[in-house]
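# need a structure here:
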Amino acid sequence: MTQTRKPFIVGIGGTQRPGSSSELALRYCLSAAEKAGAETDIICGAALELPLFDPGVTHRTPATLRLIQALRRADGVVIATPSYHGGMSGMIKNAIDYTEDMRGDARSYFDGRAVGCIVCAAGDQALGSGLMGLRMVVHALRGWPTPYAATIKSNEKPFIDGQPARREVAQALEIVASQVVDFARMVMASRVEDVTPRLVVAN
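The predicted structure is shown next:
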């Protein structure tokens, strides 16, 4: 049995402002994942304007259902957030909180998935604290933060016409994409091996 399905990578990120640095970074990272052979889906901007997560409320809006359905199908995830006052944005955190719906799944939360982390901020301190907080949340959700993360200084105009303005910005996002896709392929291959019948040779 051979692996034929493309890895499915879901990107979550951006802000309420279309064309933000975090959204452009996410889009470029996902395009790099597609070039590496993955199928992708992006959930950003208005699609992340979800009701405030309440564990006691079971009703889910169409946008919330789309988010959870995409994450359940995902082989890998990329999260791109601005760093607001030292941490990820409330909109991104609220979206991630809805993974509580996946608690009882065979692959609960982000279990078995690599999660690429992208943080955009004006200063080094915000980049560092934002990344640390994002990785801690991924760990809490049983995900595997990729060894490499992209930290992008949004005050240095990192994008021009939607594309990275400098090679180091593009390279950082391409590394994140490659690590998420490579990890997804390894996990998918291991699952194929687990269900492949083994030939038993009689003595």
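# Could you use CA atoms for every contact and neighbour count after this?
Noted.
# can you pull out the strands in the chain?
8-13, 39-44, 76-84, 87-88, 114-121, 144-145, 150-153, 159-160, 163-164 (DSSP state E).
# I'd like those strands written out as a markdown table, with mean pLDDT, mean neighbour count and distance to Arg60 added.
Formatted as a markdown table, the strands of the chain follow (pLDDT from 0 to 100; neighbours: other Cα atoms under 10 Å; distance: least, Cα to Cα, whole Å):
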| stretch | mean pLDDT | mean neighbour count | distance to Arg60 |
| --- | --- | --- | --- |
| strand 8-13 | 98 | 26 | 18 |
| strand 39-44 | 97 | 20 | 16 |
| strand 76-84 | 97 | 27 | 21 |
| strand 87-88 | 94 | 22 | 23 |
| strand 114-121 | 98 | 28 | 24 |
| strand 144-145 | 97 | 22 | 27 |
| strand 150-153 | 97 | 23 | 32 |
| strand 159-160 | 96 | 14 | 35 |
| strand 163-164 | 96 | 16 | 35 |
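# Reformat these into CSV and put distance to Met188 next to each item.
Shown next, in CSV, are those (distance: least, Cα to Cα, whole Å):
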stretch, distance to Met188
strand 8-13, 11
strand 39-44, 14
strand 76-84, 11
strand 87-88, 30
strand 114-121, 12
strand 144-145, 15
strand 150-153, 25
strand 159-160, 34
strand 163-164, 31
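# just so I know, which of these lies nearest Gly130?
Of all the strands of the chain, strand 87-88 sits nearest to Gly130, with 4.4 Å by Cα to Cα.
# so what does that closest one touch, helix or strand wise?
Here strand 87-88 touches helix 124-140, going by 3 or more Cα pairs under 8 Å, 6 or more residues apart in numbering; DSSP states H and E.
# which of the residues in the helix it packs on are buried?
With burial defined by 16 or more other Cα atoms under 10 Å, the residues of helix 124-140 counted as buried are 126-132, 134-135, 137-138.
# okay, those in CSV with pLDDT and distance to Glu174 next?
Output for the buried residues of helix 124-140, formatted as CSV (pLDDT from 0 to 100; distance: Cα to Cα, whole Å):
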residue, pLDDT, distance to Glu174
Ala126, 94, 22
Leu127, 95, 19
Gly128, 96, 20
Ser129, 96, 22
Gly130, 96, 20
Leu131, 97, 17
Met132, 97, 20
Leu134, 97, 19
Arg135, 97, 19
Val137, 97, 23
Val138, 98, 20
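# Noted, bye for now.
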